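Participant: Structure for the following, please:
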Amino acid sequence: MTADPRVVPLGDSALLVEFENRIDVSINERCIAVAEVLEARRIAGVRDIVPAYRTVGVYFDPLKTDRAQLQRELDLAIDTPAAGVPAPRQLIRVPVCYGAADGPDIGEVARFAGASEDEVVARHSAAIYRVFMLGFSPGFAYLGPVDARIAAPRRTTPRTAVPPGSVGIAGQQTGIYPSETPGGWQLVGRTPLRVFDAARTPPSLFRAGDRVQFFAIGRDQWDRYA
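Facilitator: Numbers count the residues shown, from 1 in each chain. Predicted structure coming up:
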């Protein structure tokens, strides 16, 4: 069981449902369940509902939303019992070119692990990761947990530009950069998949609660998956 959540204001146009302050699958499931209940209610004036590791952000138009009614809806969503054990979502498999120019930090992760680069690849691709949340940039999925042996911390000095499709590790988390952005994660590989496309429906390849597994490919196979 988790402790009772609390609802706190974020200015005059958002409320935040907060659960226990830790990374935990059961807590994340509750966040997703609350978000899904609220989405189904189609509350007037609500602009966006964002589940995260341990929170649910509810963003609304204060001129169109009855805040007292919204609070009641939140209380109902929090109190709605989960519908048993959620069915596992389809496994999304992601091809990755590990190492070399595509994964310039794989050697650093190997040194952290006291292992070979091949073992880093084997451990990273063996796990089935959970999408805990999307954030940082459109379509960036925070996946975890990472095998403790290869859970290297972020780089001391972030890069000013990380190529799209780069696969990184930051402690217990791993993820894919959907577009070129600055970033400080340890880059171990790169995928040819386009994980975010604003012209696609839905634009993101991932959503909170999805399951993801990486698999290694050679550079000569890149075009097959692009």
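
Participant: Can I get whichever helix in the chain runs longest in CSV, CA atoms only?
Facilitator: For the chain, the helix with the greatest residue count under DSSP state H is helix 25-41. Provided in CSV are the C-alpha atoms of helix 25-41 (Å, rounded to 0.1, in the frame of the first residue of the first chain):
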residue,chain,number,x,y,z
VAL,A,25,6.1,0.7,-10.3
SER,A,26,3.0,0.5,-8.1
ILE,A,27,3.1,4.3,-7.5
ASN,A,28,3.5,4.9,-11.2
GLU,A,29,0.6,2.6,-11.9
ARG,A,30,-1.6,4.7,-9.6
CYS,A,31,-0.5,7.9,-11.3
ILE,A,32,-1.4,6.5,-14.7
ALA,A,33,-4.8,5.2,-13.4
VAL,A,34,-5.7,8.6,-12.0
ALA,A,35,-4.8,10.3,-15.2
GLU,A,36,-6.9,7.8,-17.3
VAL,A,37,-9.9,8.4,-15.0
LEU,A,38,-9.6,12.1,-15.3
GLU,A,39,-9.2,11.9,-19.1
ALA,A,40,-12.3,9.8,-19.4
ARG,A,41,-14.3,12.4,-17.4
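
Participant: Measure how the following helix or strand past that helix sits relative to helix 25-41, angle-wise.
Facilitator: Downstream of helix 25-41, the first helix or strand assigned by DSSP states H and E is strand 46-51. Between the axis of strand 46-51 and that of helix 25-41 there is an angle of 160 degrees, by axes from the mean of the first three to the mean of the last three C-alpha atoms, to 10 degrees.

Participant: partners of strand 46-51 in the sheet?
Facilitator: On the basis of DSSP bridges, the sheet neighbours of strand 46-51 come out as strand 55-60 (antiparallel).

Participant: Export the partner strand to CSV, keeping only CA atoms.
Facilitator: The C-alpha trace of strand 55-60 is given here as CSV (Å, rounded to 0.1, in the frame of the first residue of the first chain):
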residue,chain,number,x,y,z
THR,A,55,2.7,12.8,-9.7
VAL,A,56,-0.2,13.7,-12.0
GLY,A,57,-0.2,17.3,-13.3
VAL,A,58,-3.6,18.7,-14.2
TYR,A,59,-3.5,21.9,-16.3
PHE,A,60,-6.6,23.9,-16.8
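
Participant: Check which helices and strands the helix or strand that it is followed by sits against.
Facilitator: Toward the C-terminal end, the helix or strand that comes next after strand 55-60 (DSSP H and E) is helix 67-79. Based on contacts counted as 3 or more C-beta pairs under 8 Å, 6 or more residues apart in numbering; DSSP states H and E, the elements that helix 67-79 packs against are strand 6-9, strand 14-18, helix 25-41, strand 55-60. (C-beta placed from N, C-alpha, C; glycine too.)

Participant: Show residues contacting helix 67-79.
Facilitator: For helix 67-79, the surrounding residues in contact (C-beta atoms under 8 Å, 6 or more residues apart in numbering) are 5, 7, 15, 17, 34, 37-38, 41, 43, 45-46, 58, 60.
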